[in-house]
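Engineer: Requesting a structural model of the entry that follows:
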Amino acid sequence: MYPEVSFFKRNNVSIRIVVTLFLLELLYLLNRDVLRPSFRSNEAVVVLLGSLPNFLAAFGVCLALIPLCLRWGDKKVGRSFVYLVSIICWGLLMQEEITPFAFGSCVNDVNDMIASTIGTAVGIGFYEMLVPDQV
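Structural biologist: You can find the predicted model right below:
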């Protein structure tokens, strides 16, 4: 049996991940083009919507790793990989907030740091929830 066949039979996790990543991208675009301009007068909503891209970035990286980890067939190695890359991504997002180097924003925002941390934690939680115990 080919690895791809067994890979896609595992409860269709990879298909669900791709659909979820697509929906996250749509949410990002909706936030950028519709929600943020519409709610400029509400301070609390502006803070939440302003930090949403950081949450989505951290969460999306964790989700994108799940199909790769399923290919290894060893949950321990896959789990270590997801945790390692998620923490590296989180570290880069924190570094970007503390000393901007990639996207040109010269403002460090504690809310973005919190959103990145929550996104990483939720993404790792999704990995633990979606990946079966015996791969």
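Engineer: and residue 95, how far is that from residue 19?
Structural biologist: 31 Å (C-beta to C-beta, to the nearest Å). Placement of C-beta: from N, CA and C, glycine included.
Engineer: Looking at this protein, which helix is longest?
Structural biologist: Identified as the longest helix of the chain according to DSSP state H is helix 43-72.
Engineer: and the next helix or strand after that one, average pLDDT?
Structural biologist: Using DSSP states H and E, the helix or strand that follows helix 43-72 in sequence is helix 75-98. Throughout helix 75-98, pLDDT has a mean value of 86.
Engineer: name the helices or strands packed onto helix 75-98?
Structural biologist: Here helix 75-98 touches helix 43-72, helix 110-130, going by 3 or more C-beta pairs under 8 Å, 6 or more residues apart in numbering; DSSP states H and E.
Engineer: Can you give me the buried ones in that helix?
Structural biologist: 75, 78-79, 81-82, 85-86, 89-90, 92-94, 96-97 (16 or more other C-beta atoms under 10 Å).
Engineer: and of the helices and strands packed on helix 75-98, who's closest to residue 36?
Structural biologist: Among the helices and strands packed on helix 75-98, the nearest to residue 36 by C-beta to C-beta is helix 43-72 (5.0 Å).
Engineer: elements contacting the closest one?
Structural biologist: Counting by 3+ C-beta pairs under 8 Å, 6+ apart, helix 43-72 packs on helix 3-9, helix 13-30, helix 36-38, helix 75-98, helix 110-130.
Engineer: give the contact list for residue 26.
Structural biologist: Applying C-beta atoms under 8 Å, 6 or more residues apart in numbering to residue 26 gives no contacts.
Engineer: Residue 124 contacts residue 86, correct?
Structural biologist: Yes. Using C-beta atoms under 8 Å, residue 124 is in contact with residue 86, at 5.6 Å.
Engineer: Which neighbours do the two have in common?
Structural biologist: Common neighbours of residue 124 and residue 86 (C-beta under 8 Å, 6+ apart) are residue 62.
Engineer: what's around the closest residue to residue 20 other than its chain neighbours, how many residues?
Structural biologist: Leaving aside its sequence neighbours, residue 20 sits nearest to residue 63 (C-beta to C-beta, 6 or more residues apart in numbering; 5.9 Å). Counted with other C-beta atoms under 10 Å, residues neighbouring residue 63 total 22.
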